[in-house]
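Visitor: sequence-free structure coming up:
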């Protein structure tokens, strides 16, 4: 499959969605800056260690499986073949490291 330069242009829909996401993200940041202040640096960084296991786990999964992965992985495999699947071997090791070292910091 060959990509042409004309296929890689944003339309007004793309600009609208990106602008709305940036505006929403900015508004959330402004809200929490003025109305929900943390007392200490540790409280800010760890969220007071009040979160349960499920939301922290889902946050880790969401950051691990990003939108780029969801959109780019099928394209990568379609264009270049299944050799990309070798990365799955390292995924298991990363998951073990996240569960062992990263998750206990927040829970």
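Guide: Looks like it arrived, so ask away. A quick note: this is a predicted structure, and the numbers were derived from the prediction, not measured. Residues are numbered from 1 along each chain as shown.
Visitor: What are the contacting residues of the longest helix anywhere in the chain?
Guide: For the chain, the longest helix by residue count, based on DSSP state H, is helix 12-35. Helix 12-35 is contacted from outside by residue 10, using CB atoms under 8 Å, 6 or more residues apart in numbering. No exception for glycine: its C-beta is placed from N, CA and C like everyone else's.
Visitor: State the next helix or strand along the chain beyond it.
Guide: helix 41-46 (DSSP states H and E).
Visitor: Quickly find the element holding residue 79.
Guide: helix 67-80.
Visitor: quick one: average pLDDT of that helix?
Guide: Average pLDDT, helix 67-80: 83.
Visitor: Next, the contact list for residue 60, please.
Guide: Contacts of residue 60 (CB under 8 Å, 6+ apart): 98, 102-103.
Visitor: buried residues in the lowest-mean-pLDDT helix or strand in the chain?
Guide: Across the helices and strands of the chain, mean pLDDT, DSSP states H and E gives its lowest value to helix 41-46, namely a mean of 73. For helix 41-46, a neighbour-count test (16 or more other CB atoms under 10 Å) marks nothing as buried.
Visitor: Now do that helix: distance to the chain's middle.
Guide: Remark: helix 41-46 is offset 20 Å from the chain centroid, using CA atoms, centre = their mean, to the nearest Å.
Visitor: Going by neighbour count, which of the contacts of residue 60 are buried?
Guide: Buried members of the contacts of residue 60, scored by 16+ other CB under 10 Å: none.
Visitor: Please flag which of those residues sit within helices.
Guide: Judged by DSSP H, helices contain the following of the contacts of residue 60: residue 103.
Visitor: which among the contacts of residue 60 gets closest to residue 8?
Guide: The shortest approach to residue 8 among the contacts of residue 60 belongs to residue 98, at 34.1 Å (CB to CB).
Visitor: Look at the nearest residue to the closest one once chain neighbours are set aside and report its pLDDT.
Guide: Nearest residue to residue 98, sequence neighbours excluded (CB to CB, 6 or more residues apart in numbering): residue 60, at 5.9 Å. If you check residue 60, the pLDDT there is 79.
Visitor: Quickly note the distance from residue 73 to residue 18.
Guide: 21 Å (CB to CB, to the nearest Å).
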